[in-house]
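# what would the 3D arrangement of this be:
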Amino acid sequence: MDTIDSNQLAEDYGWLFGGVAVVAYVAVAVIFLVAYVRIIQKAGYSGWWVLVGLVPILNVVMFLVFAFSRWPVLRERDALRAGGVYPR
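Reported below is the predicted structural model:
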């Protein structure tokens, strides 16, 4: 009976394990990207603002701006509750 050498297994199928890991990483990244875009859109901003997250320093600044500014969706809600027209 032949024994399976772990080094030989890694040499023969290492590319497969690495490829599966890359595919899994890309799938998770796409799922999170779509979720981030949806959250930003629900706040009333353009989904393109998610790209700011890729720029160092600017991503922290924009996170704080989004956190502490008045969201467009809340301004619209307040205008509708007041019976006015939402200014676009």
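# how close does residue 30 sit to residue 23?
Using CB to CB, to the nearest Å, residue 30 is found at 11 Å from residue 23. Glycine gets a C-beta too; all of them are placed from N, C-alpha and C.
# so for residue 37, what's the pLDDT?
On pLDDT, residue 37 comes in at 94.
# let me redo that: residue 34
95.
# buried set for whatever helix or strand it lives in?
Taking DSSP states H and E as the criterion, the element that holds residue 34 is helix 6-42. Across helix 6-42, burial judged by 16 or more other CB atoms under 10 Å covers 37, 40.
# run the chain-centre distance for the strand or helix carrying residue 76.
Here residue 76, judged by DSSP H and E, is contained in helix 72-81. Its chain's C-alpha centre and that of helix 72-81 lie 26 Å apart, by CA atoms, centre = their mean, to the nearest Å.
# cool, stretch 46-62 as well?
11 Å.
# pull the residues that contact it.
Outside stretch 46-62, the residues that touch it by CB atoms under 8 Å, 6 or more residues apart in numbering are 33, 36, 37, 38, 40, 41, 66.
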